[in-house]
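Student: build me a model from this:
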Amino acid sequence: MAPGMPACGSRAQLPAGKVFHGGTERGHDDVRAEAVFASGSVNVRSWVCLITLSVQMKNMDILLKTGLSLPGYVAISRLTSGARTAGARRGFNSDKSFDVLAPLDTKDPSLTPNRTSVPASVDAAPPGVLGRRGVALYRTHFLQNGHARLQFMGCSFYCRVFVDGGEVGEHRAGGYVPWWLDLPAPATGNATRELFVMADNRFNRTTAPVHTGGDFWNYGGILRSVLLHDMPDDPKETWPWRAYVFPTAEDLGVVDIKIVMTSANFTGALMIMLTFGTQEPSAVNAVASAGEAWIRSVQVPQPKTWSLKDPQMHTVTVGIGSATITERFGLRRWAYADGKLLLNGEAVKLHGWNHHTQWIDTGASPTDSQLDEDLALLREGHANFVRGAHYPQDQRWLDRLDESGMAMWEETLGPGVTVEDLQDWGHFMKYQLQQVDEMLAASMNHPSIMAWAWFNEGPSNEMAACQAYLECSLRAAEADPTRFRTWASNKKEDDKCLEHATAVSFNSYPAWYSEKQDLSAPKREWTASAAWAKRNFPDKPFFISETGAGGLYEWATNATDAYWTLKYQQEVIDADVDVALADSNVSGLTLWHFFDFKGNDEAQICGPCQYLPGVQPPTCGWYNMSGHCENRPGGLNHKGVLDAYRRKKPSFSAVAQKYGQHAPAESGPGHLYIV
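Tutor: Here you go, the predicted structure:
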């Protein structure tokens, strides 16, 4: 057990049909979101050690399912803020710290639970320590005026939602995508209602099919914001829910706008008010069908393009009836022609890192300052490309990449998928395609995104899997034809599904997993792979989606370049970067990884390292490197150029210098449109 971490108590079994009563009332005022793009900060404390979190307020009863284990209780005050506004919107963010009680008698009717922050990762724990797997229970109250829409920006893994004791919906398509539920109006028109949420972070093929594992800790709980949106009370009325802006193939200053209504059944004529930036509004007549309306060939006033060098952004406000929404977007065009990756007609070479949403203390629920600090480090490293491994991204992070002019690869959750998964159209693929839909619906207006992806290191060497790759590609292309579609393939030249991608992307670790200690291996392997992609898929860009080497932060002064030393890590990464930047057949590189991160459940079995006493941030004095423990010393993947606390390794400065000195390629034709 790590120092300062509360001990986990024994489990108390809940009798069938037992009802628990809350104690002292806690404050839970709603926060009205006034700014379209504002996000709330989260104040949390480290090391939650629970298997079940129960959240209760004064005099509220809840019937829990037979067999649910309750070692302790935690409560929430409010749930969260978020990223956008439709009509009136309220957030449920808590600014309170975790306050975890020791195990209690769950039969005690005088039990007074405390509160926790939302969003938060309920299983955050130090490296080498297993976070708890189980069901987190949350309860709060909210004021509902008429019809409403409850939106979760991330609830992991499996989420069930109850209002006033009745189940209103569930979500099985992954813990990292936004989704929503519509709530009918209360019988009295407006009322204070009880919200009860169950978040199950256990791996289960039935309830959490797309959580297939992977070499990272899958965090659980209400990871991201929860929003409450007012909806129209008249069933014949509709409001705008989202507006997606697509630059046209002919002219970046002319856009097509797809408006999604709050009512998926609405069909008929509409008067729509459009306002770009601070311009005067203009009225547009449109016809909606099945809750969607298109406005074609709209001229953006004084258009400015979004680019890596000058990331200009625009806004458009869409008004229908009494409601408006404001969307932010960028005018950009990705293409590939004459062997060059093009952004707005200029040939570019992308270079950067893979980036997990993970911090030691906050897990997958970072504070704004943590996001800002990582972005600052990426900029210091002269990155212009980030791969969001291995799941849909926090909208706050995408906002920052938009503003910074960094290209982004976003992918669905799904490392560890099998051929059997990809042939399971009745269950796994049903939720995988839902995940694709929800990822695109959340992120399409972010100009930083240059690629949609899925199935990291999946079974693409099997023809039987290719139909699933095709269906994901078709689903993404139908919603958004302006980005590349790809996957990070470790099957490389044996990949049988690449015809369904519009970009070829390979993962490999020469001189680390293969041909160890051979520093000529990266150049040899990546030159051959890039040439193979150019011969076989000349109309598709080639990306090195993962490569690199591990290095223990504390092993910095070794005289030789032994395996795991920072000296050897830098030598391997230098070779990877050199070939990627020099080879004209390579369009982009994302090194694995930006920082050291916590591995999966199995990686924690060997336990933590032995920490040096009195040193902060925690620094290891000894690692167990015996047997399989050598793969993930101390429960971490050590391939970062920063350690888990964002301390720099020598490879960070070396890569930053190479990225910073890389000259941009020449301009090329820019008329192509990705389809």
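Student: use CA for all of it now, contacts and neighbours both
Tutor: OK.
Student: the stretch 351-500 of the chain: strands as residue ranges?
Tutor: Using DSSP state E, counting those that start in this stretch, the strands of the stretch 351-500 of the chain run over 385-388, 407-411, 449-453, 484-486, 488-489.
Student: contacts only, for Cys472.
Tutor: Each residue near Cys472 by CA atoms under 8 Å, 6 or more residues apart in numbering is listed here: 433, 436, 454.
Student: apply 7 Å and report the result again.
Tutor: Shown in contact with Cys472 (CA atoms under 7 Å, 6 or more residues apart in numbering): Leu433.
Student: and the protein, what are its domains?
Tutor: Domain assignment for the chain by automatic domain parsing gives 1-233, 240-331, 335-596+640-661, 603-637.
Student: so can I have JSON lines of those showing mean pLDDT?
Tutor: Formatted as JSON lines, the domains of the chain follow (pLDDT from 0 to 100):
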{"stretch": "domain 1-233", "mean pLDDT": "64"}
{"stretch": "domain 240-331", "mean pLDDT": "96"}
{"stretch": "domain 335-596+640-661", "mean pLDDT": "98"}
{"stretch": "domain 603-637", "mean pLDDT": "95"}
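Student: can you name the residues that contact Tyr176?
Tutor: 154-156, 391-393.
Student: I'd like the residues you listed laid out as JSON lines, including neighbour count and distance to Ile272.
Tutor: What follows is these, written out as JSON lines (neighbours: other CA atoms under 10 Å; distance: CA to CA, whole Å):
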{"residue": "Gly154", "neighbour count": "26", "distance to Ile272": "31"}
{"residue": "Cys155", "neighbour count": "32", "distance to Ile272": "34"}
{"residue": "Ser156", "neighbour count": "29", "distance to Ile272": "37"}
{"residue": "Tyr391", "neighbour count": "26", "distance to Ile272": "35"}
{"residue": "Pro392", "neighbour count": "29", "distance to Ile272": "31"}
{"residue": "Gln393", "neighbour count": "24", "distance to Ile272": "31"}
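Student: all strands for the stretch 501-650 of the chain, in order.
Tutor: For the stretch 501-650 of the chain, the strands defined by DSSP E, counting those that start in this stretch occupy 504-507, 542-546, 588-591, 597-598, 610-611, 620-622, 636-637.
Student: quick one: the last one to chain centroid distance?
Tutor: In this case it means strand 636-637. Strand 636-637 sits 19 Å away from the centroid of its parent chain (CA atoms, centre = their mean, to the nearest Å).
Student: partner residues bridging Met261?
Tutor: For Met261, the beta-bridge partners under DSSP bridges are Pro240.
Student: and it, how close does it get to Phe597?
Tutor: Met261 sits 40 Å away from Phe597, going by CA to CA, to the nearest Å.
Student: same deal with Glu457?
Tutor: Taking CA to CA, one finds Glu457 at 19 Å from Phe597.
Student: what does Gly166 give?
Tutor: Applying CA to CA, the value for Gly166 to Phe597 is 39 Å.
Student: quick one: which of those two has more around it?
Tutor: Under the criterion of other CA atoms under 10 Å, the comparison of Gly166 against Phe597 puts Phe597 first, with 27 against 11.
Student: isn't that one up against Asn637?
Tutor: Yes: the pair Phe597 and Asn637 qualifies as a contact (CA atoms under 7 Å) at a distance of 5.4 Å.
Student: what ranges do the helices span in the stretch 451-600 of the chain?
Tutor: 466-479, 521-536, 566-582 (DSSP state H, counting those that start in this stretch).
Student: just those helices: most buried one?
Tutor: helix 566-582 (a mean of 22; mean count of other CA atoms under 10 Å).
Student: what's that one packed up against?
Tutor: Applying 3 or more CA pairs under 7 Å, 6 or more residues apart in numbering; DSSP states H and E, we find helix 566-582 packed against helix 521-536, helix 650-661.
Student: let's see 10 Å
Tutor: strand 350-355, helix 521-536, strand 542-546, strand 588-591, helix 650-661 (3 or more CA pairs under 10 Å, 6 or more residues apart in numbering; DSSP states H and E).
Student: for the one residue sitting closest to the centre of the chain, what are its contacts?
Tutor: Among the residues of the chain, Gln393 comes closest to the average C-alpha position under CA atoms, centre = their mean, at 2.2 Å. Gln393 is in contact with 153-154, 176-178, 356-357, 409-412, 439, 442-443, counting by CA atoms under 10 Å, 6 or more residues apart in numbering.
Student: go through those and say which is closest to Ala323.
Tutor: Ala323 has its nearest neighbour among those in Ala442, at 19.9 Å by CA to CA.
Student: leaving out sequence neighbours, find the closest residue to Pro209.
Tutor: Among residues not flanking Pro209 along the chain, Phe428 sits closest, at 5.7 Å (CA to CA, 6 or more residues apart in numbering).
Student: so what's the residue count around the one you found?
Tutor: Phe428: 22 neighbours (other CA under 10 Å).
Student: for stretch 593-611, list every residue counted as buried.
Tutor: 593-601, 603-609 (16 or more other CA atoms under 10 Å).
Student: can I get it in PDB, CA atoms only?
Tutor: Provided in PDB are the C-alpha atoms of stretch 593-611 (Å, rounded to 0.1, in the frame of the first residue of the first chain):
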ATOM      1  CA  HIS A 593       4.800   7.900 -25.700                       C
ATOM      2  CA  PHE A 594       4.800  11.500 -24.300                       C
ATOM      3  CA  PHE A 595       5.000  10.500 -20.700                       C
ATOM      4  CA  ASP A 596       5.300   7.300 -18.600                       C
ATOM      5  CA  PHE A 597       1.800   6.100 -17.700                       C
ATOM      6  CA  LYS A 598       0.100   3.400 -15.600                       C
ATOM      7  CA  GLY A 599      -0.300   0.100 -17.300                       C
ATOM      8  CA  ASN A 600      -3.200  -2.300 -17.200                       C
ATOM      9  CA  ASP A 601      -4.500  -4.500 -14.300                       C
ATOM     10  CA  GLU A 602      -1.900  -7.200 -15.100                       C
ATOM     11  CA  ALA A 603       0.900  -4.700 -15.000                       C
ATOM     12  CA  GLN A 604       0.200  -3.900 -11.400                       C
ATOM     13  CA  ILE A 605       0.700  -7.400 -10.100                       C
ATOM     14  CA  CYS A 606       4.400  -6.900  -9.400                       C
ATOM     15  CA  GLY A 607       3.600  -4.000  -7.200                       C
ATOM     16  CA  PRO A 608       5.200  -0.500  -7.000                       C
ATOM     17  CA  CYS A 609       8.900   0.300  -6.900                       C
ATOM     18  CA  GLN A 610      10.600   1.100  -3.700                       C
ATOM     19  CA  TYR A 611      10.600   4.800  -3.300                       C
END
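Student: and stretch 253-273, how far out from the chain's middle?
Tutor: The chain centre lies 28 Å from the centre of stretch 253-273; the measure is CA atoms, centre = their mean.
Student: circling back to that earlier point, what residues are up against the residue nearest to Pro209?
Tutor: Residues in contact with Phe428 (CA under 10 Å, 6+ apart) are 172-173, 205-206, 208-210, 417, 420-422, 434.
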